[in-house]
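> just coords:
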C-alpha cells in the first residue's frame, strides 16, 4: 500500500495557442518541488475550451503527444490532461495518460457540453478507463462528465481515486464544488478536480476551485482564483480502513450501462 503523490496545476491558459501553453506548462512542471507520481493538467490545456478544431486539433503522435511523452520521461511522473485530437476524420476531447516509459492510455470525453455545442464539434467516447499507478486504481474523466453519476459509478470499488480535468466556468462553481463531494461520498473514493483560472477568448471567467476530496466528501484542499501548483500525498490504508468499516458498496444497485 504505497502512498501516491499527485500534483495539480491550476493555471490560466493562452487562448488557442498550443505552443505558448506547452511552454508555460513546461516551466510550471519543472518548478514542482519534491517528488511526484502524477501531474494533472486542466481540460484542453493547449487551447482553452475551444470549438475551433480544424486549425488546432492534432493527430496522435504529433506535438502535444510528443511533448507529454518527453515531460513524463524527464520527470519520472505520469502526465495527464486533455487536448483536441483529430482521428479518422473525427475530433475528440481526449485525455492522454502518459507514463514515463512512453506507454499511454486515452479516454475520450463521454458527455459533451451541448450548451457550448461541443456535441456538434466533437465525437463522444464510449469507454471508461481505469489506470493503475503504484498500487492505486484511478479513473480519469473530463469536466461535464462530473454531472452524470452513472458514468462515474465505482462498480465493486474498481477505482480508488476519481480524477476530473476541467474548464468549468466561475458562474457554475457551486455545482462544481458540490458534485465533486457527491462523487466522492457515493463512490467511497478520493476525488480530484483540476480546473483552470483566468478568462478565455470568449471573455468567460474561470475561478479554479481545484480541489482534493476524501472518501467522506471532506475537502482536504481547494484553491480559487489564483494560479498554483499543489502536491497532495494520498494514503491508501486510510481509504481501505474506511471501506471496511462502512461498506456501502455491498448494498449498491446492480445494473449495466449501454454505451452505444
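Good, I have the coordinates. Worth saying up front: this structure is predicted, and the values here are computed from it rather than measured.

> In this protein, which helix is the longest?
For the chain, the longest helix by residue count, based on DSSP state H, is helix 173-187.

> now it, how far from the centre of its chain.
14 Å (C-alpha atoms, centre = their mean, to the nearest Å).

> who does it touch, helix- and strand-wise?
helix 149-152, strand 161-165, strand 190-194, strand 205-213, strand 219-224 (3 or more C-beta pairs under 8 Å, 6 or more residues apart in numbering; DSSP states H and E). From N, CA and C alone the C-beta is placed, and that goes for glycine too.

> Run through who's touching it.
146-147, 149, 152-154, 159, 162, 164, 166, 168, 189-191, 193, 195, 207, 209, 211, 213-217, 219, 222, 224 (C-beta atoms under 8 Å, 6 or more residues apart in numbering).

> let's go with 6 Å and repeat that
Helix 173-187 is contacted from outside by 146, 152, 154, 162, 168, 191, 193, 207, 209, 211, 213, 215, 217, using C-beta atoms under 6 Å, 6 or more residues apart in numbering.

> can you pull the buried residues of it?
For helix 173-187, burial by neighbour count (16 or more other C-beta atoms under 10 Å) applies to 173, 176, 177, 179, 180, 181, 182, 183, 184, 185, 187.

> Same question for stretch 48-67.
Of the residues in stretch 48-67, 48, 49, 50, 53, 56, 57, 58, 64, 65, 67 count as buried by neighbour count, 16+ other C-beta under 10 Å.

> Please enumerate the strands of the chain.
4-10, 38-40, 78-87, 90-98, 104-108, 131-133, 136-142, 161-165, 190-194, 197-199, 205-213, 219-224, 228-234 (DSSP state E).

> for stretch 20-30, the distance to its chain's centre please.
With C-alpha atoms, centre = their mean as the basis, the mean position of stretch 20-30 lies at 18 Å from the chain mean.

> What number of residues are in the vicinity of residue 227?
Residue 227: 15 surrounding residues under other C-beta atoms under 10 Å.

> So it sits against residue 11, correct?
Yes: applying C-beta atoms under 6 Å, one finds residue 227 in contact with residue 11, separated by 4.8 Å.

> which residues are in contact with stretch 40-49?
With contact meaning C-beta under 6 Å, 6+ apart, stretch 40-49 is reached by 8-9, 13, 15-16, 18, 21, 56, 64, 80-83, 142-143, 165-167, 194, 196, 200.

> Stretch 253-260 now?
Residues contacting stretch 253-260 (C-beta under 6 Å, 6+ apart): residue 126.

> again with stretch 100-118
69, 72-73, 76, 92-98, 119, 122, 124-125, 129, 131, 140, 142, 144-145, 148, 151.

> from the residues you listed, which would you call buried?
Buried among these by 16+ other C-beta under 10 Å: 69, 72, 92-98, 122, 125, 129, 131, 140, 142, 144-145.

> buried set for stretch 225-244?
Neighbour counts over stretch 225-244 (16+ other C-beta under 10 Å) mark 229, 230, 231, 234, 236, 239, 243 as buried.

> With distance to residue 4 and pLDDT as added columns, please give these in TSV.
Converted to TSV, the buried residues of stretch 225-244 look like this (distance: C-beta to C-beta, whole Å; pLDDT from 0 to 100):
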residue	distance to residue 4	pLDDT
229	17	97
230	14	98
231	11	98
234	4	98
236	7	96
239	10	97
243	16	97
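
> Perfect, I'm done here.
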